[in-house]
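>>> any chance you could fold what I've pasted below:
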Amino acid sequence: MNNWNFWGPELDEAVVSLCWNQPEPYLAETLRQLDLKTHLSQPHCQHILESIRLCYTELGATDWHTVLCCLSEQGLLKEVGEDKQLLDRIFRNPGYGSLFKWYINTLKAIAQQRAVDPVTPLYLFTGGRGRIVPNRAVRRDSVPTDVGEVRVCGKRYRLAGWRDGEGLDIKLTPQPSRKG
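Numbering: from 1, shown residues only. I've put the predicted structure just below:
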């Protein structure tokens with residue numbers, strides 16, 4: 001599965017929801033930073049955001065009914081879902097204003113990767129860190145000489161290492177995510 005197919009729709013809807021519910025701080029910046037056809041992967045989000053722009057600039061309002069009427073007058077209601085469930089989901093999407101810059105930058109990175117190489121996924125969270133310490137309980141060769149825990153790409157791993165004359169052989173074992 002391509003990475004932008006996983007992230008893109010969720011980010012599209014979060015940005016559109018922020019612009020719809022709070023146009024004053026987000027709409028102008030979104031339109032300045034993004035080209036709707038290039039950066040938004042879902043056509044219905046492109047249509048909704050364009051209708052929000054039109055309603056806000058011409059009428060000064062972006063409430064549910066005004067945007068719905070604008071979509072209807074443009075003949076786009078079928079394309080965004082006549083049953084209005086999709087519109088309702090996007091309107092109620094809890095897009096977080098504190099993540100707005102991340103949404104915009106990620107949509108730009110996804111679009112850039114899609115243009116360069118549509119097959120290679122975009123890794124949003126890469127790298128990691130951890131700690132390895134000497135294992136004081138070494139009693140035989142099968143027991144690792146060093147142990148620790150690392151976090152790579154957002155996932156936890158238990159690390160075990162065996163020292164030899166030239167270096168350290170390591171083994172990473174995935175750990176279940178912590179809840180709570």
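>>> contact partners for residue 51?
For residue 51, the contacting residues are 67, 70-71, 74, 76, by C-beta atoms under 8 Å, 6 or more residues apart in numbering. Every C-beta, even on glycine, is put in place using the N, C-alpha and C of the backbone.
>>> quick one: these as TSV, columns for pLDDT, distance to residue 172 and neighbour count too.
Formatted as TSV, these follow (pLDDT from 0 to 100; distance: C-beta to C-beta, whole Å; neighbours: other C-beta atoms under 10 Å):
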residue	pLDDT	distance to residue 172	neighbour count
67	95	49	23
70	95	53	23
71	95	50	25
74	94	53	13
76	93	49	17
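>>> contacting residues for residue 111?
By C-beta under 8 Å, 6+ apart, the neighbours of residue 111 are 38-39.
>>> still on that earlier bit, just checking, which of the contacts of residue 51 belong to helices?
If you go by DSSP state H, these have 67, 70-71 in helices.
>>> which of those residues sits closest to residue 161?
Nearest to residue 161 among those is residue 67, at 57.5 Å by C-beta to C-beta.
>>> tell me how far residue 171 lies from residue 67.
54 Å (C-beta to C-beta, to the nearest Å).
>>> before we move on, back to that, so can I have TSV of the ones in helices among the contacts of residue 51 showing distance to residue 105?
Formatted as TSV, the ones in helices among the contacts of residue 51 follow (distance: C-beta to C-beta, whole Å):
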residue	distance to residue 105
67	26
70	29
71	28
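>>> the longest helix in the protein is where?
With secondary structure taken from DSSP H, the chain has its longest helix at helix 3-21.
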